[in-house]
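Visitor: here's a sequence, model it:
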Amino acid sequence: MANVFDYLAWRGDLSFEQSGFNDVDNLVLSLVSYIPFDGAIPEEPGRGVALREAAKRFLERRDAGEVVRVRRDLEFLLAVMDCPRYKDTRLSAYASQIDNDAEKQFAAFAAEIGPGLWYVAFRGTDNTLVGWKEDFNMSFLSPVPSQEEACRYLERVAPGLPGELLLGGHSKGGNLAVYAASYCSPEIQRRIKRVYNNDGPGFGAGVLESDGHQAVEERIRTFVPQTSVVGMLLEHEERYVVVHSTQAGFLQHDPYSWEVLGTRPVFLGEVSAECRFFDRTIKDWVAGMDEKQRQQFVDLLFDILSATDAQTLPELTANWYKNARAMLKSLLNLEDEMRSMLGRTLSLLLKSAKK
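Guide: From the prediction side, this is the model:
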């Protein structure tokens, strides 16, 4: 079963001039965006720095192996930086923001694919709890801070990226790419050639019905694995393509598990029965709560997680016994009304699943 690593070995010796940008190249650059290149890529848009040089700068960090999202991201970076197809790709317009107070996690960069063609990569959800909190906030808040930031970012950097634009990202990064394309100025929107959403959440009706989204809808290319969880959240008005993952359940969100054949992912006819079950259950569950109830549930859930003082998912799981005790103590200290609300919300989820 070939994946992006096999693609690098197969197609990696050909430049973009010899073999044009394709769907798997989109996935590669979406994965590169997960690397925290702070200080390694210029913030201003333009010629920038070669991917190989940015990778070297990152790898000089003593904590490089600790700050990556997953260990395989580091393995992937080592493969990409020595790949002739990508190593000289110029990266610029780097931005990264984590704001706990605003509940915002955002990062992006621009890659020069060739003369007059740029791929703007938006980072998906990282390992920070605030990043996951912002994802949950999408169930009751539109726009979330990172969506607004994605629009501001695109408006700021696009003038320094002459020519056509490709936008994309994995997970929340795909959602941000679609949102930025939908709400940027008409001048920038006309320059957008394609938008890639790699298993990113959808949107509420307000976004889907907006003039901006309808203007770019035909240029959106959405990929979801056969048992998609994240990508099926909320709604997708645009058509999505189902790709084959070698993992099971939620782990299919991992893009390293996506099977590729040549220059494209391996396509399937439709999502699995498990995916349709999850999709119906979550939508029925969310529909059974008003926006205030959704916000209360999300805030309460993350208040319990925050009682551990963990800032990232690895910190949360590193000392699970201690953190579990802290969360249980926080749960027991809740007022009766809040504890009852949490119970009712989870009960609604179970009822939706049974239905």
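Visitor: tell me which helix or strand comes right after the host helix or strand of residue 157.
Guide: Secondary structure assignment for residue 157, by DSSP states H and E: helix 145-157. For helix 145-157, the following helix or strand on the C-terminal side (DSSP H and E) is strand 164-170.
Visitor: direction included, what does that following strand pair against?
Guide: strand 117-122 (parallel), strand 192-198 (parallel) (DSSP bridges).
Visitor: and the pLDDT for the residue nearest to residue 254 when sequence neighbours are not counted?
Guide: The shortest distance from residue 254 to any residue other than its chain neighbours is 5.9 Å, reached at residue 247 (Cβ to Cβ, 6 or more residues apart in numbering). C-beta here means a position set from N, CA and C on the backbone, and glycine is covered the same way. Reported pLDDT at residue 247 in the predicted model: 84.
Visitor: residue 247 in helix, strand or coil?
Guide: When classified by DSSP: H, G, I helix; E, B strand; the rest coil, residue 247 comes out as coil.
Visitor: distance of it relative to residue 35?
Guide: Distance of residue 247 to residue 35, computed by Cβ to Cβ, to the nearest Å: 22 Å.
Visitor: so the two - more neighbours on which side?
Guide: Per other Cβ atoms under 10 Å, whichever of residue 247 and residue 35 has more neighbours is residue 35, with 26 against 14.
Visitor: what values do phi and psi take at the more buried one?
Guide: Main-chain dihedrals, residue 35, degrees, to the nearest 10: phi -70, psi 130.
Visitor: burial check on residue 256, number of neighbours?
Guide: 17.
Visitor: correct me, but it touches residue 71?
Guide: No. With contact defined as Cβ atoms under 8 Å, residue 256 and residue 71 do not form a contacting pair (10.9 Å).
Visitor: list the contacts of residue 329.
Guide: Counting by Cβ atoms under 8 Å, 6 or more residues apart in numbering, residue 329 touches residue 307.
Visitor: that one is in what secondary structure piece?
Guide: Per DSSP H and E: residue 329 is located in helix 320-332.
Visitor: could you check how far residue 124 is from residue 175?
Guide: Distance from residue 124 to residue 175, counting by Cβ to Cβ: 9 Å.
Visitor: neighbour count: the two, which is higher?
Guide: Shown here are residue 124 and residue 175; by other Cβ under 10 Å, residue 175 has more neighbours (31 against 28).
Visitor: A helix includes that one, no?
Guide: Yes. Judged by three-state DSSP, residue 175 forms part of a helix.
Visitor: follow-up on the earlier one: with mean neighbour count and distance to residue 291 added, can I get the strands paired with strand 164-170 in a markdown table?
Guide: A markdown table is the format used below for the strands paired with strand 164-170 (neighbours: other Cβ atoms under 10 Å; distance: least, Cβ to Cβ, whole Å):
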| stretch | mean neighbour count | distance to residue 291 |
| --- | --- | --- |
| strand 117-122 | 27 | 26 |
| strand 192-198 | 24 | 24 |
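Visitor: to residue 223, which of the ones you listed lies closest?
Guide: Closest of the strands paired with strand 164-170 to residue 223 is strand 192-198, at 5.2 Å (criterion: Cβ to Cβ).
Visitor: so which bits of the helix or strand just after the closest one are buried?
Guide: Per DSSP H and E, the first helix or strand lying C-terminal to strand 192-198 is helix 205-208. Within helix 205-208, the residues that qualify as buried are 207-208, counting by 16 or more other Cβ atoms under 10 Å.
Visitor: immediately after helix 205-208, which helix or strand?
Guide: Taking DSSP H and E, what comes next after helix 205-208 is helix 211-216.
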